[in-house]
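S.K.: Generate a structure from the sequence data that follows.
(chains A, B, C and D)
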2 protein chains.
Amino acid sequence: MADNRVTGQEGRRLVSTAIRRALSAGDLVPGQRLVEQELSESLHATRNCVREALQDLAAEGLVELVPRRGARVRVVSVEEAIQITECRAALEGLCARRAAQHASAEQREGLREIGARMREAVADGDLNTYSALNRELHALIAEMSGQKVAGGLLDRLKGQMVRYQFRLALRPGRPAKSLPQHLAIIEAIVTGDGHAAEAAARAHLDSVIEELRATPVTEPTRSATHAVRA
Amino acid sequence: MADNRVTGQEGRRLVSTAIRRALSAGDLVPGQRLVEQELSESLHATRNCVREALQDLAAEGLVELVPRRGARVRVVSVEEAIQITECRAALEGLCARRAAQHASAEQREGLREIGARMREAVADGDLNTYSALNRELHALIAEMSGQKVAGGLLDRLKGQMVRYQFRLALRPGRPAKSLPQHLAIIEAIVTGDGHAAEAAARAHLDSVIEELRATPVTEPTRSATHAVRA
DNA sequence: GTCGGAACTATTGTCAACAATTTCGTCGAT
DNA sequence: ATCGACGAAATTGTTGACAATAGTTCCGAC
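M.R.: Reported below is the predicted structural model:
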């Protein structure tokens, strides 16, 4: 099984997840070219696989596909990141409201637990755990709301934000600011106050927007030709 | 140029728009199979074109792509249509608010004009015109808001609703109910009252949800194999 | 008559070679 | 030195044939 090239629709999925991973790991930077042959060699897949995987990623808004000129990692400007977050505010507000309205007792208990663990993580200064809990919280709220459509849209939007989310989480003082916001969302949902839950979710993401506004402009990063690890 | 088959990325676009059109015209019903060869013949395109177009449509949520089993027109349940409309409410609320906040004087004037024409169309009982103005209004608000991301998501969501939108517009008494709602949205945006604009947009779509709830269940429509006109 | 299975058909998936296009470097003229 | 034209290399796009799979029909045994 040394150089058995991956193929078919399975390979297509493998290739796209490999690129996705490389993207969120920072191995691929925005603007970077994605050459089909290079990828097919480094990932041991057929060019066809790679091609189709790139189409999928383009449909998700992760790469930009210019005809006859190949694929690039899509550059998400700060302005666009702000707009994405505004959409997230609207959609997560919806999810929070619905979650508050009809969540089971166990689900509410689960929320409370995540809140407690978040408090702990921040107290311990454990950024990684806090970041993971953050994702877990937002995902749980989306699931609790029963809003599958909104959940799908949110996944999409978050996928396009990987770079910024990474950057924001590392900001000094960020956890101290976001923790109470998260706790407020949890409190409102547990209490069953839909209106408050929506307001809290919106307030949280408005704060993220504030943070984004203070983001230094990113240089267009034209070069950086490097491979994706298999 | 009788049977010069369309090809390439241009053909891909042509095929996908042809299918889109057939879909919203009702020539293709939910659940219907889309066989690559049939389509390539009726649309004078290569199978490759059709294949790629189908991928695009699947990415937009218009068709369902089952591996080794081909493409079908995706069936959108009433429940899902409701969820889609809830997302629309959240996103159009955002757009209305932003439009109210920073729209130019000419844009506000344009809104007012659409409102007047809507009134006329309803008074004349001209359903087609009213329906067209409806789409125009929503599109204009999205554009005025400057929210490109939200606009893109909304286009996507509306695309999945074609069948229901068609059905709802024909409902007796529907225009009489929706006209004042549309006028309220316009009024709030023209006035510059973001909060009211958001509330009005939401109220409008909540009313659409009410209407959807009163929709009879659609039969799964399994058969109906018919061609797409070129 | 019904069930199971075997051939057959219809349909999608894959590939490798070829075509077309862009990009980059080189060379010559001004 | 700068600019433009030309050509070579790199890269994407396209095609048609073939492989693999799902669906269907038909036949025979019980």
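S.K.: first to last residue in stretch A:154-173, what's the distance?
M.R.: In stretch A:154-173, first residue to last residue: 26 Å (C-alpha to C-alpha, to the nearest Å).
S.K.: That stretch: how far from the chain's middle?
M.R.: 6 Å (C-alpha atoms, centre = their mean, to the nearest Å).
S.K.: next one: stretch A:178-187
M.R.: A distance of 19 Å separates the centroid of the chain from that of stretch A:178-187, by C-alpha atoms, centre = their mean.
S.K.: Which positions within that stretch qualify as buried?
M.R.: Along stretch A:178-187, these residues count as buried under the neighbour rule (16 or more other C-beta atoms under 10 Å in any protein chain shown): A:S178, A:L179, A:Q181, A:H182, A:L183, A:A184, A:I185, A:I186, A:E187. For glycine as for every other residue, the C-beta is placed from the backbone atoms N, C-alpha and C.
S.K.: Can you name the residues in contact with it?
M.R.: By C-beta atoms under 8 Å, 6 or more residues apart in numbering or on different chains, the list of residues contacting stretch A:178-187 from outside reads A:96, A:111-112, A:114-115, A:118-119, A:122, A:130, A:134, A:137, A:141, A:196-197, A:200-201, A:203-204, A:207-208.
S.K.: For A:A45, give me phi and psi.
M.R.: Torsion angles at A:A45 (phi, psi; degrees, to the nearest 10) stand at phi -130, psi 160.
S.K.: which residues touch the helix or strand bottoming out on mean pLDDT in chain A?
M.R.: In chain A, the helix or strand scored least confidently by mean pLDDT, DSSP states H and E is helix A:162-169, which has a mean of 88. Contacts of helix A:162-169 from elsewhere in the structure, counted by C-beta under 8 Å, 6+ apart, are A:23-24, A:26, A:30, A:76, A:78, A:81, A:127, A:130-131, A:134, A:158, A:174, A:208, A:211-212, A:215.
S.K.: Contacts only, for the residue most central in space within chain A.
M.R.: For chain A, the residue sitting closest to the mean C-alpha position, by C-alpha atoms, centre = their mean, is A:K158 at 3.2 Å. A:K158 is in contact with A:R88, A:H138, A:Q165, counting by C-beta under 8 Å, 6+ apart.
S.K.: between these, which has the most around it?
M.R.: For the contacts of A:K158, the largest number of neighbours (other C-beta atoms under 10 Å in any protein chain shown) sits with A:R88, at 24 neighbours.
S.K.: how is chain A carved up into domains?
M.R.: A:8-73, A:78-213 (automatic domain parsing).
S.K.: Next, the distance between the ends of the shortest one.
M.R.: Translated: domain A:8-73. Start and end residues of domain A:8-73 are separated by 23 Å (C-alpha to C-alpha).
S.K.: quick check: mean pLDDT across it?
M.R.: In this model, domain A:8-73 carries a mean pLDDT of 94.
S.K.: Check whether that domain comes near chain B.
M.R.: Yes - contact of domain A:8-73 with chain B is found when judged by C-beta under 8 Å from any C-beta of the partner chain, involving A:Q9, A:E52, A:Q55, A:D56, A:A59, A:E60, A:P67.
S.K.: Test my guess that the fifth one contacts B:D56.
M.R.: If I follow you right, that is A:A59. Yes - when contacts are counted by C-beta atoms under 8 Å, A:A59 is listed as touching B:D56 (7.3 Å).
S.K.: With neighbour numbers in mind, choose between the two.
M.R.: Neighbour totals were compared for A:A59 and B:D56, and B:D56 leads with 20 against 16 (other C-beta under 10 Å).
S.K.: so which strand or helix has that one?
M.R.: The secondary structure element spanning B:D56 is helix B:47-59 (assigned by DSSP states H and E).
S.K.: So what touches that helix?
M.R.: With contact meaning C-beta under 8 Å, 6+ apart, helix B:47-59 is reached by A:52, A:55-56, A:59-60, B:6-8, B:11-16, B:19-20, B:34, B:36-37, B:39-40, B:43, B:45, B:63-65, B:71.
S.K.: go on, stretch A:89-97?
M.R.: Stretch A:89-97 is contacted by residues A:138, A:141-142, A:144-145, A:147, A:150-151, A:153-154, A:157, A:185, A:188-189, A:194-195, A:197-202, A:205-206, A:209, B:86-87, B:89-91, B:93-94, B:150 when judged by C-beta under 8 Å, 6+ apart.
S.K.: same thing but at 6 Å, please
M.R.: Under the criterion C-beta atoms under 6 Å, 6 or more residues apart in numbering or on different chains, residues A:141-142, A:145, A:147, A:150, A:153-154, A:185, A:194, A:197-198, A:201-202, A:205, B:90-91, B:94 lie in contact with stretch A:89-97.
S.K.: Just the buried ones out of the contacts of helix A:162-169, please.
M.R.: Neighbour-count burial (16+ other C-beta under 10 Å) applied to those gives A:L23, A:P30, A:V76, A:A81, A:Y130, A:S131, A:N134, A:K158, A:R174, A:V208, A:E211, A:L212.
S.K.: Could you point out which of the residues you listed is nearest to B:Q107?
M.R.: Closest approach between these and B:Q107, by C-beta to C-beta: A:A81, at 25.4 Å.
S.K.: Report the contact partners of the closest one.
M.R.: Applying C-beta under 6 Å, 6+ apart to A:A81 gives the contacts A:Y164, A:L212.
S.K.: So how do I select the buried members of the residues of domain A:8-73 next to chain B in ChimeraX?
M.R.: In ChimeraX, selecting the buried portion of the residues of domain A:8-73 next to chain B, with burial taken from 16+ other C-beta under 10 Å, looks like this:
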select /A:52,55,56,59,60
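S.K.: For the residues of domain A:8-73 next to chain B, give me CSV that also has distance to A:H102.
M.R.: Conversion of the residues of domain A:8-73 next to chain B to CSV gives the following (distance: C-beta to C-beta, whole Å):
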residue, distance to A:H102
A:Q9, 37
A:E52, 39
A:Q55, 38
A:D56, 34
A:A59, 32
A:E60, 30
A:P67, 47
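S.K.: Export stretch A:186-197 to CSV, keeping only CA atoms.
M.R.: Taking only C-alpha atoms (Å, rounded to 0.1, in the frame of the first residue of the first chain), the coordinates of stretch A:186-197 have been written out as CSV:
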residue,chain,number,x,y,z
ILE,A,186,-26.2,29.8,28.4
GLU,A,187,-28.2,31.4,31.2
ALA,A,188,-30.8,32.7,28.9
ILE,A,189,-31.3,29.4,27.1
VAL,A,190,-31.4,27.4,30.4
THR,A,191,-33.9,29.9,31.8
GLY,A,192,-36.0,29.5,28.6
ASP,A,193,-36.0,33.2,27.8
GLY,A,194,-35.9,33.2,24.0
HIS,A,195,-35.7,36.9,23.6
ALA,A,196,-32.8,37.3,26.0
ALA,A,197,-31.0,34.3,24.4
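S.K.: That'll do, ta.
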